[in-house]
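Q: Sharing a sequence plus its predicted fold:
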Amino acid sequence: MSDTVRVDLAGRSYDVRIGFALLERTAAEAEGLLKREVVPVVADANARAHHGERLAKSLADGGHRVEWFEVAPGEAAKSWEVLQRLTDWLLELGVERSDNVVALGGGVVGDLTGFACAILKRGCGFIQVPTTLLAQVDSSVGGKTAINTAAGKNLVGAFHQPSLVLADLDCLATLPERELRAGYAEVIKYGILGDADFFAWCEDNGRRVVEGDVAAQLHAVRTSVEAKAAIVAQDEHETSGRRALLNLGHTFGHALEAETGFSDRLLHGEGVALGMVLAARYSARRGTLSAEDAARITRALDSAGLPSEIAALGLDADGTRLAQHMRHDKKASGGNVPFLLLQGIGDAYLDKSVDLADIAAFLDEQLRG
């Protein structure tokens, strides 16, 4: 059983297939995209251990042989050093522009592989096989690829759309609950930014998604991918401001991730969850969102087991230090950092008039708890 969501882009449209046992059908699902016997697969160690055998068997049944490039789990893999090793490896394999590289894993693997494929011979194809909830509903769709640098997260990258996305929900059964919760933050984000009815569904069903209810997971992934595909089709390269809505919670969240060293101390989805709480509370502080709705968002995230108070992180930082991290935000223009704020649940907007000094004062209040 699988559903298909089409990402409609001029000349670069592709399918996102969502369902069960897709790994066992990889060769058939990717028919016409894998043109050579050798298929390069980039995977983190966890994804390979859990899912590598199923993928390799499917490809072998289709007459292909896998060559593996394994990376360590975690954000550290999105580095210049790993990118160089990966591109050199792909060149040694003789990958051509008409070939497709397979990315098996979470958002880190997808971002790294996609960026390598964007720059290899000025662009070759890649197939996303996301194995985490976060990657299935967010990072595998839309073509944003990047690595991290000392200056911040995802600051070096390219827009490079995949040829196909295979979101096998069976993979979610192998995830630790913390990883599922982190992915769920990106699910509920779609309700908060643009779909009040879906947010209400998340309020009632978020715990089911995190606890492994397959029907709830299918609905959550399909609805999230449909929402993202629609936004990406309208604003592929984030030029009109529409696609920027997908960054709700990320400006605050990335600052918290930077302060915690992009480590397991704060997973990306956890940072986004905290960032959405902060965006809601800051919106209430400015009078665009009711205090009741800000509290409702906090409760919805908290009830799913996600962090909702930055004071609990125990950061050795003040609001000014956290605000300084935001100066490297990719959306910054003319020295100003635009913020995704809320006028209501399901009604996000981009505000370019926010003063970072006011953000720093607000964060000081939140850090005190």
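A: The structure has been received and is ready for your questions.
Q: Surely L104 touches T132?
A: No - judged on Cβ atoms under 8 Å, L104 makes no contact with T132 at a distance of 11.0 Å. For the C-beta atoms, the positions are set from N, CA and C on the backbone; glycine is no exception.
Q: can you give me the helices in the chain?
A: Applying DSSP state H to the chain gives helices spanning 26-29, 45-61, 80-92, 107-119, 133-134, 177-194, 196-210, 214-234, 250-259, 268-286, 291-303, 319-325, 356-368.
Q: Out of those helices, flag the one nearest I127.
A: I127 lies closest to helix 26-29 among the helices of the chain, at 8.3 Å (Cβ to Cβ).
Q: Show me what the closest one is in contact with.
A: 17, 22, 34, 55, 58-59, 61-64, 102, 129, 164, 166 (Cβ atoms under 8 Å, 6 or more residues apart in numbering).
Q: thinking again about what came up before, just the helices of the chain: most buried one?
A: Neighbour counts (mean count of other Cβ atoms under 10 Å) averaged over each of the helices of the chain peak at helix 133-134, with a mean of 28.
Q: Show residues contacting that one.
A: Outside helix 133-134, the residues touching it (Cβ under 8 Å, 6+ apart) are 106-107, 172, 175, 179-180, 182-187, 209, 217, 221, 268-269.
Q: Stretch 359-369 now?
A: By Cβ under 8 Å, 6+ apart, stretch 359-369 touches 278, 281-282, 285, 309-312, 315, 317-320, 322-323, 326, 339.
Q: repeat for stretch 224-242
A: Contacts for stretch 224-242 (Cβ under 8 Å, 6+ apart): 5-9, 16, 18, 136-138, 141-143, 159, 161, 167, 186-187, 190, 194-195, 198, 243-246, 331, 350.
Q: first to last residue in that stretch, what's the distance?
A: Terminal residues of stretch 224-242 are spaced 16 Å apart (Cα to Cα, to the nearest Å).
Q: now stretch 319-337
A: End-to-end for stretch 319-337, by Cα to Cα: 15 Å.
Q: Start at 7, not 1
A: Shifting the count to begin at 7 puts that one at stretch 325-343.
Q: Now, of the contacts of stretch 230-248, which are buried?
A: 11, 13, 22, 24, 142-144, 147-149, 165, 167, 173, 192-193, 196, 200-201, 204, 249-252, 337 (16 or more other Cβ atoms under 10 Å).
Q: Might you report the residue contacts of the residue nearest to the spatial centre of the chain?
A: Geometric centre of the chain, nearest residue: S145, 3.3 Å, by Cα atoms, centre = their mean. By Cβ under 8 Å, 6+ apart, the contact set of S145 is 112-113, 116-117, 136.
Q: And F132, by the same measure?
A: 106-109, 119-120, 123, 166, 168-169.
Q: ok, which pair from those residues is furthest apart?
A: The largest distance within these, taken as Cβ to Cβ, falls between V108 and H166 and amounts to 14.8 Å.
Q: pLDDT below threshold where in the stretch 207-356 of the chain?
A: Residues of the stretch 207-356 of the chain that meet the criterion pLDDT under 70 lie in 336-341.
Q: pLDDT wise, what is the residue nearest to G311 when sequence neighbours are not counted at?
A: With sequence-adjacent residues excluded and distances taken as Cβ to Cβ, 6 or more residues apart in numbering, G311 is closest to R187, at 4.8 Å. At R187, the predicted lDDT confidence score is 97.
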